[in-house]
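[1] I'll drop the sequence and a predicted model, then ask my questions.
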Amino acid sequence: MNPSISAAERLARIQLNAFLYFRADWLERLIEIFGSAQEILRQDAQTLAREANLNPSTAAHLLRDAFAINPQEEWDKTAALGGHIYVPEDEEYPQSLRNIKEAPIALYVLGRLPAPEQACVGMVGTRKITPYGRRAAAKLASDLAQGGVVVVSGLARGVDSECHAAAVRQKKPTVAAIGTGVGRCYPPENRALEKAILQYGGAVVSELPFNKPPNAFHFPRRNRIIAALSQPVVVVEGEIKSGALITAKLALEMGKDVLAVPGPIDSPQSAGPNALIRDGAGVVTAASDILDYIPQQLRFGLDPHFLQKEDQTPPKPQEELTPRQREVMNAVGGSQASLDQIAEALGADVPEAASLLFELEVKGFLACENGLYSKSKF
Amino acid sequence: MLANVCTGAIKGIEGFAVSVEVDIAAGMPTLAVVGLPDAEVRESKERVVAAVRNSGFDFPSKRITVNLSPAELRKSGTQFDLPIALGILAASGQLSAEACAKISHFLVLGELALDGSLRPCAGVLPMLISCQKLDKTAVIAPQNVLEGQVSGAPFITPHSLRELADYLEGKLEEPAVKMAYVPQAQEEISPELDFSDVKGQALAKRALEIAAAGGHNLLMIGLPGTGKSMLAKRFPGILPPLTQEEALEITKIYSICNLMGKSRLLTRRPFRDPHHTISDVALIGGGSTPRPGEVSLAHNGVLFLDEFAEFSRSSLEVLREPLENGRVTISRAKETVTYPARFTLLAAMNPCPCGHLGDPVTPCTCSPMQISRYKARLSGPLLDRIDLTVNLNPVKYTDWNQKSEGETSAQIRARVLQARQVQQQRFAGSSTTANAFMTNREIKEFCPLPPGADTILETAMRKFGLSARSLDKILKTARTIADLEGKENIETKHLVEVMQYRPLDRKGVADL
């Protein structure tokens, strides 16, 4: 904590931060004009509007939102979860975030933020994940995490959850920048995942007031936090108009590298990354492709074993599978297949196909979604 | 003068005898009906007055009181017209003493047209069956003759009030008592709906076979046009034939609802497919005068709910009682009636609101939120009563065009019958009729786990997010699969197959 900033001023900043309809850099401009956040909160709406050249209704809105929260309570509740609220003046406030134009004036952090010399890679993508996206996200995030890279994502459904989960399965830290206030888990089914992230030394960060419910406009804002914390940013899957591509655009504006995982040309979820590649984004087919974009000074301490090129190594032989099970894997191929299709390819009846699929699913070779089976690993 | 005519009324699906007492006294000319008559019974006054006049009799200009006894039970239906008219004729002295004496041998049921001719009424079959012990000859409309034949009771079918009066007076020999017996071929499963018509969909067919064999409820999830309705329509064809009691039970319900059509005894299992905009009362039964709903019309048969998730939340929740108990109890301030409703629920729904989730051709346009909200419309307690869930995927052209026909309904039905026989022996002396209805104690007794099954179930619970509560369903379904194979005990492979029918349990959350 930086002693140059008084406790009262810190609380005032937290209070000011509750006004969500303003860009953070505008709030900073206000603080410059009035000298401190405390001073802003002492004004009435009219003076505020006049001095800062604001629309009077905006000024009134700002004060209303700011006084709607109790900063001491925010502080206490965050502390009760073992978290902190940092302001940019604090040493702990991430340097990479401080550098951007719209650095949040208050950042709620649960868990442990990665050290400044830690390599962080952003992985983003659609909530409507395909089995292919699931495989790609899990494989890349798992390799990165084992290689010592911190995966940064947004804890949303789909690609985000898959990336965090892959890191957590390796018991490695990962950072989630969320679109709700800390203390609230969205989507709710990710509560266990959030807990695991904190358990394995990761962090959950948000600039929104404590326990703030999700709102559509929160998510593009938190995307800039993901982009700011990462270098490079990898887009796994996403439609042309998607949050993932917003993140990519923000990352480019911040001067970060954007990489994309190529996908089938007829899959809407791969249209985004494919378009990025067409526009010059780097292609990711393995974790090693990502390694090349991690800044030189951050590569120290990474475990190259997991991030090496694998082009020469043949695909992992499924040696533990029986011939019949291997036939099933071949029938599924690179796409999705229903039990009917698999049974037909094998010349098996429903009970036999069912038992083969059950074994393969339990062993983790196949995943089933909406009655369609697809490979769950490369 | 006083006259007494015997007739019947309906409570629930059972009939009871009602005696119509007619008193004619001097006073202001009125016709009052007392004894808890419903609206349609009160309206019968107007029909009776016209019918008596138009049959060539005089309508007495006196004070007429009609009492329907037992007076504390509500009476509804139109069958009171003829007994009231007959009572008035007897009480006003327009029938001879011999004719009046004969009236007590008859159970009179019929609606009257204004010209005095007889019209059919609803619920004749249950009334005749319940009143058999009274040992009376029934008087029914010619259109109700089929129901009369089913009941086994002696009956006559006069065409009009006049004809009945003439018969009582001895002027007519026997008014159409010996109705020409209309021979009726035993209705069989219609050959135009056969399982071999449905190409591909082996998994869904297998699930339907299991559902038929064990009485399990089934949910089909699939893209539009994958054959959900087609399969459902063929489902009754693989069910075992109705037993005599079952047939009589459903025929009674259909008789009450006036849905008999041209059939004498319903020999085919009912298949009801109400639209998803149906009201709760139409589905479950009820109304101010309680009537059976779709669940009771599907008794001993199939209730097919297409677009399952589009049904109103309350309609789906009211299904829970019949699914659990096999009957519906409707309580009103004045009475409580119980209708049987033991049916197999076949439900079908799209995988998402737009219908294209998992479609290889058209991409789905729903947001993940919309999809989870759509699935959340089916509450846990309701899904707990559905043992089998199966996903249907589009059929490939090669399947559709395949030369070899799939199995016919008759082949599948033969296996179903065998499995049902095994169950009959198993549940002899118990009220349970099929595996799906086993009690906890019966599950313990008849579904011992094979060695090594613990690991499978534990893995399944972890991997697929199965709840402990769904274990019972898994055991019941595995029992049915074992029965289909003629196996004494449940084997591991049976349990493994059941896992295919539980897709809704699989969680959409990444494994940790």
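    Received the coordinates, thanks.

[2] Show me the chain divided up by domain.
    This is for chain A. The domain map for chain A lists A:7-78, A:112-307, A:323-375, with the assignment taken from automatic domain parsing.

[3] Actually, chain B is the one I wanted.
    When chain B is parsed with automatic domain parsing, its domains come out as B:2-169, B:195-404.

[4] Please produce CSV containing the ones you listed, extended by mean pLDDT.
    Output for the domains of chain B, formatted as CSV (pLDDT from 0 to 100):
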stretch, mean pLDDT
domain B:2-169, 91
domain B:195-404, 86
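
[5] Show me which residues of stretch A:236-248 are buried.
    Across stretch A:236-248, burial judged by 16 or more other CB atoms under 10 Å in any protein chain shown covers A:236-239, A:242-248. Heads up, the C-betas are built off the backbone N, CA and C, glycines and all.

[6] Closest one to chain B out of the residues you listed, please.
    Nearest to chain B among the buried residues of stretch A:236-248: residue A:239, at 9.3 Å, using CB to the nearest CB.

[7] show me the contacts for residue A:271.
    Remark: with contacts taken as CB atoms under 8 Å, 6 or more residues apart in numbering or on different chains, residue A:271 is in contact with A:238-240.

[8] in which helix or strand would I find it?
    Taking DSSP states H and E as the definition, one finds residue A:271 inside helix A:268-278.

[9] Pull the distance from that helix to the chain's centre.
    Mean-position distance between helix A:268-278 and its chain equals 19 Å (CA atoms, centre = their mean, to the nearest Å).

[10] Which helix or strand lies directly C-terminal to that helix?
    Beyond helix A:268-278 on the C-terminal side, the first helix or strand identified by DSSP H and E is strand A:282-283.

[11] which neighbours does that following strand have in its sheet, and in what orientation?
    Here strand A:282-283 has these sheet partners by DSSP bridges: strand A:258-260 (parallel).

[12] so for the strand it pairs with, what's the average pLDDT?
    Computed over strand A:258-260, the mean pLDDT rounds to 96.

[13] which residues sit against it?
    Outside strand A:258-260, the residues that reach it (CB under 8 Å, 6+ apart) are A:232-235, A:248, A:251-252, A:272-274, A:276-277, A:281-284, A:289-290, A:293.

[14] mind putting the domains of chain A in a markdown table, distance to residue B:99 included?
    As requested, the domains of chain A are exported to a markdown table (distance: least, CB to CB, whole Å):
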| stretch | distance to residue B:99 |
| --- | --- |
| domain A:7-78 | 91 |
| domain A:112-307 | 80 |
| domain A:323-375 | 70 |
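
[15] Please work out which of those is packed deepest.
    Looking across the domains of chain A with neighbours counted as mean count of other CB atoms under 10 Å in any protein chain shown, the highest average goes to domain A:112-307: a mean of 21.

[16] did I read that right, residue B:5 in a helix?
    No. When classified by DSSP: H, G, I helix; E, B strand; the rest coil, residue B:5 is found to be strand rather than part of a helix.

[17] and it, how many neighbours?
    Number of residues near residue B:5 (other CB atoms under 10 Å in any protein chain shown) recorded here: 27.

[18] close enough to count as contact, it and residue B:91?
    No. Distance between residue B:5 and residue B:91: 9.8 Å, which falls outside the contact criterion (CB atoms under 8 Å).

[19] which residues of the stretch 401-512 of chain B score low on pLDDT?
    When the per-residue scores of the stretch 401-512 of chain B are filtered using pLDDT under 70, the ranges that remain are B:401-405, B:469, B:503-512.

[20] Could you rerun that using 50?
    Judged against pLDDT under 50, the low-scoring parts of the stretch 401-512 of chain B cover residues B:505-509.

[21] How are the strands of it distributed by residue range?
    Ranges of strands within the stretch 401-512 of chain B: none, based on DSSP state E, counting those that start in this stretch.

[22] Out of the contacts of residue A:271, list just those in helices.
    Among the contacts of residue A:271, none falls in helices (DSSP state H).

[23] Could you give the average pLDDT over the helix holding residue A:271?
    The average of the pLDDT scores along helix A:268-278 is 95.

[24] okay, stretch A:363-378 in PDB with CA atoms only?
    Extracted in PDB, the C-alpha atoms of stretch A:363-378 (Å, rounded to 0.1, in the frame of the first residue of the first chain):
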ATOM      1  CA  LYS A 363     -11.600 -42.600 -19.900                       C
ATOM      2  CA  GLY A 364     -11.800 -39.100 -21.200                       C
ATOM      3  CA  PHE A 365     -11.200 -39.800 -24.900                       C
ATOM      4  CA  LEU A 366     -14.700 -38.700 -26.000                       C
ATOM      5  CA  ALA A 367     -17.100 -36.100 -24.800                       C
ATOM      6  CA  CYS A 368     -20.800 -36.100 -25.400                       C
ATOM      7  CA  GLU A 369     -22.900 -33.000 -26.000                       C
ATOM      8  CA  ASN A 370     -26.600 -33.000 -27.200                       C
ATOM      9  CA  GLY A 371     -26.200 -36.700 -28.100                       C
ATOM     10  CA  LEU A 372     -23.200 -36.100 -30.300                       C
ATOM     11  CA  TYR A 373     -19.800 -37.500 -29.500                       C
ATOM     12  CA  SER A 374     -16.500 -35.800 -30.300                       C
ATOM     13  CA  LYS A 375     -12.900 -36.300 -29.400                       C
ATOM     14  CA  SER A 376     -12.000 -34.500 -26.200                       C
ATOM     15  CA  LYS A 377      -8.200 -34.600 -26.600                       C
ATOM     16  CA  PHE A 378      -5.800 -34.300 -29.500                       C
END
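
[25] For it, give me every contacting residue.
    A:131-132, A:134-135, A:138-139, A:315-316, A:318, A:320-321, A:325, A:328-329, A:332, A:334-339, A:342, A:357, A:360-361, B:203, B:221-222, B:351, B:357-358, B:390-393, B:503, B:506.

[26] Looking at the domains of chain B, which is nearest to chain A?
    Proximity of the domains of chain B to chain A was assessed by CB to the nearest CB; the nearest stretch is domain B:195-404, lying at 2.3 Å.

[27] The residue of chain A found nearest chain B and residue B:419: what is the separation?
    Closest to chain B within chain A is residue A:371: 2.3 Å, counting by CB to the nearest CB. Using CB to CB, to the nearest Å, we find residue A:371 at a distance of 25 Å from residue B:419.

[28] Residue A:357 in helix, strand or coil?
    When the structure is split into helix, strand and coil by three-state DSSP, residue A:357 lands in helix.

[29] unless I'm mixing things up, it is touching residue A:338, no?
    No. Under the criterion of CB under 8 Å, residue A:357 makes no contact with residue A:338, lying 10.2 Å away.

[30] Cool, thanks, signing off.
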